[in-house]
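Trainee: next comes the sequence, and after it the predicted model I'd like to discuss.
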Amino acid sequence: MTVIKGLEGIVAAASSISSIVDGVLTYRGYDIDDLAENASFEETAFLLWFGSLPTTAELEKLKRDLSDFAAIPEQVIAQMKLYPKDANTMAALRSAISSLALYDEAADDMSRSANEIKAVKLQAQIPTIVAALARIRKGLEPVAPKPGASIAENFLYMLRGEQPDMVSVKALDTGLVLHADHELNASTFTARVTVATLSDIYSGVTSAIGALKGPLHGGANEAVMKMLEEIGSFENVEPYIRAKLDRREKIMGFGHRVYKNGDPRAKHLMKMSRELGVIKGDTTLYDMSVKIEELVTGQKGLKPNVDFYSASVYTQLSIDRELFTPIFAISRVSGWTAHILEQYEDNRIIRPRAEYTGLVEQKYVPVNER
Ligand SMILES: CC(=O)SCCNC(=O)CCNC(=O)[C@H](O)C(C)(C)COP(=O)(O)OP(=O)(O)OC[C@H]1O[C@@H](n2cnc3c(N)ncnc32)[C@H](O)[C@@H]1OP(=O)(O)O
Ligand SMILES: O=C([O-])CC(=O)C(=O)O
């Protein structure tokens with residue numbers, strides 16, 4: 001047996017949802033650059049789930065459904081209020097999403113139509129949960145979803161408790177489009193492995209959240225912001241980064257398993273980071289990020305991934321860094337659920353092999369003789 005560590009280069013599923021070929025990312029055949037510039041997140045989610053961009057009537061119906069499903073059971077809000085205030089937000093999100101299944105009578109209905117409804121429901125409810133978690137942590141009451149608002153507008157509204165400005169809504173919406181799907185990344189693979197046992201969609205999304213939490217995957221965006229805070233000033237960037245590289249430590253937000261010449265999503269986030277800085281009249285975070293990129297690319301040849309510039313974008317939207325990875329989940333749940341639906345359509349349990357490297361020919365010895 002030959003072990004391929006990290007399954008690098010292994011093709012483990014056939015999928016028609018998104019592709020990465022020669023560094024170009026597409027969702028259902030549409031280039032991510034085209035979608036980032038033109039599509040809303042709701043159109044993108046529809047595209048991922050149903051395979052084509054929605055007509056006006058289809059989009060209006062999806063928006064209505066998302067709005068109708070956005071409220072969460074009061075039992076889940078009550079539970080969230082009992083979570084420790086300093087709990088990791090991804091751990092709290094994982095628990096809350098898992099408990100949604102307890103209050104959905106259709107949780108174990110495995111029909112395609114029921115699972116499509118649950119995909120839309122999960123998409124509608126996850127922003128409500130993340131915003132409620134954020135407010136509860138601060139000792140504030142959760143804000144009820146605003147009927148008719150888009151996912152991005154509604155999330156910022158529920159988070160801040162007031163109508164958000166349109167610049168912030170647009171920036172977040174584009175961020176959601178950019179994070180929506182990414183072929184067989186670790187959390188999507190996790191979701192597919194879970195549901196390939198014919199477990200339910202909530203179990204798939206709950207396990208995906210667990211995988212996204214790690215700092216080598218979605219958790220990197222929070223780690224990038226922690227690093228920027230630690231660096232503290234533009235002048236400190238160079239000594240900090242050089243020392244870290246000399247210690248052979250990883251710089252979060254750089255490198256990628258698939259992209260070796262750069263992540264096509266990063267340039268959009270970089271541009272947004274600069275624009276938000278200019279609007280605020282303070283481009284320090286952007287300037288520091290550009291300097292980090294210059295140093296890391298110069299010394300290691302590594303390029304920024306989607307998590308690098310998203311950190312300064314979200315901070316400039318006045319979002320706390322503990323919410324960065326949960327916001328990634330708000331977007332990626334569209335991709336996870338699209339992949340879960342696809343997995344159910346042509347399922348086989350996912351069960352690879354391991355090369356055994358442990359002891360052999362051991363004989364049982366009674367406990368009092370060991
Ligand atoms: C949404 C996302 O998930 S995007 C990725 C988010 N994750 C991060 O930003 C965390 C930092 N990056 C990393 O840890 C990695 O680049 C990963 C996890 C993204 C990819 O991992 P792999 O494909 O397994 O690459 P691997 O970790 O083996 O790296 C290859 C080499 O580049 C180095 N390297 C990779 N990333 C970095 C980094 N961010 N900083 C410094 N060195 C790095 C490794 O140390 C290794 O060097 P070596 O061959 O001298 O040992
Ligand atoms: O594809 C990956 O390995 C990680 C990634 O960029 C993503 O999930 O968006």
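Mentor: Perfect, I can see it now. Residues are numbered from 1 along each chain as shown. Ligands and ions are numbered 1, 2, ... in the order given.

Trainee: what about T337, which helix or strand?
Mentor: Per DSSP states H and E: T337 is located in helix 324-345.

Trainee: anything in that helix near ligand 2?
Mentor: No. Judged by C-beta under 6 Å from any ligand atom, helix 324-345 and ligand 2 are separated, with a smallest distance of 7.1 Å. Any C-beta I mention is one placed from the backbone N, CA and C, and that applies to glycine too.

Trainee: what of stretch 299-311?
Mentor: Yes. Residues of stretch 299-311 contacting ligand 2 under C-beta under 6 Å from any ligand atom: N305, V306.

Trainee: so how far is the helix holding T337 off the chain centroid?
Mentor: In terms of C-alpha atoms, centre = their mean, to the nearest Å, the centre of helix 324-345 is found 8 Å from the chain centre.

Trainee: avg pLDDT for stretch 345-365?
Mentor: Stretch 345-365 shows a mean pLDDT of 97 in the predicted model.

Trainee: would you map out the domains in this structure?
Mentor: As given by automatic domain parsing, the domain ranges for the chain are 5-217+320-345, 220-316.

Trainee: top helix in this protein by residue count?
Mentor: Longest helix in the chain, counting residues (DSSP state H): helix 112-137.

Trainee: buried sites along that one?
Mentor: The neighbour-count check on helix 112-137 (16 or more other C-beta atoms under 10 Å) flags 114-115, 117-137 as buried.

Trainee: and the most centrally placed residue in the chain, how far is that from ligand 1?
Mentor: In the chain, the C-alpha closest to the average C-alpha coordinate belongs to F328, at a distance of 2.8 Å (C-alpha atoms, centre = their mean). Here F328 is placed at a distance of 7 Å from ligand 1 (C-beta to the nearest ligand atom, to the nearest Å).

Trainee: again with G301
Mentor: 9 Å.

Trainee: just give the nearest non-adjacent residue to the closest residue to ligand 1 within the stretch 251-370 of the chain, would you?
Mentor: Proximity of the stretch 251-370 of the chain to ligand 1 (C-beta to the nearest ligand atom) peaks at G255, 2.4 Å away. Spatial nearest neighbour of G255, excluding adjacent residues (C-beta to C-beta, 6 or more residues apart in numbering): L302 at 4.8 Å.

Trainee: just to revisit the earlier point, ok, the residue nearest to the centre of the chain - contacts?
Mentor: Taking C-beta atoms under 8 Å, 6 or more residues apart in numbering, we find F328 in contact with H179, L212, G218, N221, S310.

Trainee: looking at those residues, state which has the most neighbours.
Mentor: S310 (30 neighbours; other C-beta atoms under 10 Å).

Trainee: I'd say that residue and D263 touch.
Mentor: No. Contact criterion C-beta atoms under 8 Å: S310 and D263 do not qualify, at 10.9 Å.

Trainee: show me what from the protein comes close to ligand 2.
Mentor: H182, N185, R257, V258, N305, V306.

Trainee: narrow the residues you listed to those that are buried.
Mentor: Listed as buried from those are H182, N185, N305, V306; burial here means 16+ other C-beta under 10 Å.

Trainee: where in this structure is pLDDT low?
Mentor: Counting by pLDDT under 70, the chain contains no low-confidence range.

Trainee: strands of that one, start to end?
Mentor: According to DSSP state E, the chain carries its strands in the segments 18-21, 24-27, 30-31.

Trainee: tell me which residues of the second one come out buried.
Mentor: Buried residues in strand 24-27, counted by 16+ other C-beta under 10 Å: L25, T26, Y27.

Trainee: output the residues you listed as JSON lines; include the columns distance to ligand 1.
Mentor: Output for those, formatted as JSON lines (distance: C-beta to the nearest ligand atom, whole Å):
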{"residue": "L25", "distance to ligand 1": "12"}
{"residue": "T26", "distance to ligand 1": "17"}
{"residue": "Y27", "distance to ligand 1": "15"}
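
Trainee: and L53, what does it touch?
Mentor: Per C-beta under 8 Å, 6+ apart, neighbours of L53: Y30, A39, E43, F46, L47.

Trainee: shouldn't the first one be in contact with L47?
Mentor: Yes. Checked against C-beta under 8 Å, the pair Y30 and L47 is within contact range at 7.0 Å.

Trainee: nice, that's everything, thank you.
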